[in-house]
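Colleague: Got a predicted structure here, sequence first:
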Amino acid sequence: MNLKVNGLDELDLQILDILIKDSRTPFLEIARQCHVSGGTIHVRMKKMEDLQIIKGTKLIVDNSKLGYDVCCFIGIYLDKAQTFNDALDDLKLIKEIVELHYTTGEYSIFMKVICKNIADLQNLLMTKIQKVKGIQRTNTFISLFQPIDRNIELNIINKE
């Protein structure tokens, strides 16, 4: 692994590795594990935020315990690539869309959607998504369960 990629060194990667495993780890605990001062951790965190390597923090909730039982992925065919920005502006307004990717392959857009139930999904498709200008058609894949959910692992021990 190139330790100087994006201005990061081994200490930065150690900090990231600790936080990826448990984002609630206090800075002083990170400092103890890395054998540096708490101030050093603050400086390194600020640097990684400024470089936008760390983009923020977020709370992870169990959607099903909040009454949102359907997770699905929707592939979208656009009329033409030039309609992407206009479609994106409209899709950003739909709160059930939690991820959206502009892709190669069969679909122009692939997105993750969370709904309360199948009836809500049907309503969302018919009254919002399929009415977006530029969308030719959609293809929906309902997730049965998610056996893997993880961040990329930083392997700082086996450097290339």
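Modeller: Looks like it came in fine.

Colleague: buried set for the helix or strand hosting H42?
Modeller: Element membership of H42, judged by DSSP states H and E, is helix 38-50. By neighbour count with 16 or more other Cβ atoms under 10 Å, helix 38-50 contains the buried residues T40, I41, R44, M45, M48. All C-beta spots, glycine's among them, are computed from the backbone N, C-alpha and C.

Colleague: Pull the number of nearby residues for the nearest residue to the first one once chain neighbours are set aside.
Modeller: Just to be clear, that refers to T40. Nearest non-adjacent residue to T40, counting by Cβ to Cβ, 6 or more residues apart in numbering: A31, 6.6 Å away. Look at A31: counted by other Cβ atoms under 10 Å, it has 18 neighbours.

Colleague: so what's A31 up against?
Modeller: Applying Cβ atoms under 8 Å, 6 or more residues apart in numbering to A31 gives the contacts S37, G38, T40, I41.

Colleague: Over to K133?
Modeller: Contacts of K133 (Cβ under 8 Å, 6+ apart): T83, D86, A87, D90.

Colleague: again, but for V36
Modeller: L11.

Colleague: Tell me the spacing between it and R44.
Modeller: Here V36 is placed at a distance of 8 Å from R44 (Cβ to Cβ, to the nearest Å).

Colleague: of the contacts of K133, buried ones?
Modeller: Buried by 16+ other Cβ under 10 Å: T83, A87, out of these.

Colleague: That concludes my questions; thank you for your assistance.
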